[in-house]
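Novice: I'll drop the sequence and a predicted model, then ask my questions.
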Amino acid sequence: VTGEPQLRTERLLLRRWREADLEPFAALNADPEVMEHFPALLSVEQSAALVARIERCFDERGYGLWAVEVRAEDADGAGGAFAGFVGLEPVMDERLAFAPAVELGWRLAQPFWGGGIATEAAAAATAFAFDALALTELVSYTAVSNVRSQLVMQRLGMRRDPAEDFLHPGIAPGDPLAPHVLYRIAAHARR
Ligand SMILES: CC(C)(COP(=O)(O)OP(=O)(O)OC[C@H]1O[C@@H](n2cnc3c(N)ncnc32)[C@H](O)[C@@H]1OP(=O)(O)O)[C@@H](O)C(=O)NCCC(=O)NCCS
């Protein structure tokens, strides 16, 4: 079915991407605060290419990083606001000790921080991964400095083993963004 898979939570719609998402997505990918823990901002073209990659992943694998929409209060549900992405991404980089794996990821525009949206959406993505896809484990990783993202991982019940901390192979070893933490959650351990 076109538009599938689609997930609904109390406040959110996790859906496939639309043309209208490209502009607000490019804006958040160009926001230095949103991208503080990444090596670079994304141009409009890079942002659109990322959406194309995400959509290809949905087509090929049946999962991906969903566009997150905060559902409108009105009965017809029209006019929801695009907040960013939350979802699932394959980790295929063989330089990463934990690959292959499926990663939980999130990136929201700043006005949508501080309301539990990332955690609510990620909990729905986790349930989909374990129930619909029958995956046995999910990982999540981020720069040590990205405390907000680690708090989402902890709220989801994910666990970090400091022995699995790593230097990101795509970032220069001396760069403060290189040290990363790895969190995991197993299907049998979710709460
Ligand atoms: C990482 C990111 C998604 C976290 O967003 P967030 O809004 O802090 O995360 P949550 O959705 O879990 O919301 C938690 C906050 O909402 C508050 N909150 C309000 N209602 C809540 C609810 N129902 N449930 C949970 N938290 C709630 C919490 O108290 C917390 O607020 P605080 O930050 O003031 O302590 C966001 O900061 C972001 O997009 N960052 C840039 C991109 C990025 O770094 N992505 C990760 C790369 S690995």
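Specialist: Cool, got the structure.
Novice: Return the distance of stretch 164-171 from the chain's centre.
Specialist: Centroid separation for stretch 164-171 versus its chain: 18 Å, with Cα atoms, centre = their mean, to the nearest Å.
Novice: what do you get for stretch 85-94?
Specialist: So, by Cα atoms, centre = their mean, the centroid of stretch 85-94 is 8 Å from its chain's centroid.
Novice: Could you pull out the buried residues of that stretch?
Specialist: For stretch 85-94, a neighbour-count test (16 or more other Cβ atoms under 10 Å) marks 85, 86, 87, 88, 89 as buried. Where you see a C-beta, it was placed from the backbone N, CA and C, and this is true even at glycine.
Novice: check whether that stretch contacts the ligand.
Specialist: No: applying Cβ under 6 Å from any ligand atom, one finds stretch 85-94 out of contact with the ligand, separated by at least 7.5 Å.
Novice: The chain against the ligand: which residues are in contact?
Specialist: The chain comes close to the ligand at residues 34, 37, 106-108, 113-119, 142, 146, 148-149, 152, 155, as judged by Cβ under 6 Å from any ligand atom.
Novice: In helices, which of these appear?
Specialist: Among the residues of the chain next to the ligand, DSSP state H puts 117, 118, 119, 148, 149, 152, 155 in helices.
Novice: where does residue 121 land in three-state SS?
Specialist: The three-state label given to residue 121 by DSSP: H, G, I helix; E, B strand; the rest coil is helix.
Novice: How many residues are close by it?
Specialist: Neighbourhood size, residue 121 [other Cβ atoms under 10 Å]: 29.
Novice: these two touch, right, it and residue 68?
Specialist: Yes: here residue 121 reaches residue 68: they are 5.2 Å apart, a contact under Cβ atoms under 8 Å.
Novice: Which helix or strand contains the residue nearest to residue 109 when sequence neighbours are not counted?
Specialist: What sits nearest to residue 109 in space, not counting adjacent residues and going by Cβ to Cβ, 6 or more residues apart in numbering, is residue 28, at 4.1 Å. Under the criterion of DSSP states H and E, residue 28 resides in helix 22-29.
Novice: What is the subsequent helix or strand relative to that helix?
Specialist: helix 44-61.
Novice: What strands line up against whatever helix or strand comes next after that next one, and which way round?
Specialist: Where DSSP H and E defines the elements, the next helix or strand beyond helix 44-61 is strand 65-70. The strands that strand 65-70 pairs with in its sheet are strand 12-15 (antiparallel), strand 81-91 (antiparallel) (by DSSP bridges).
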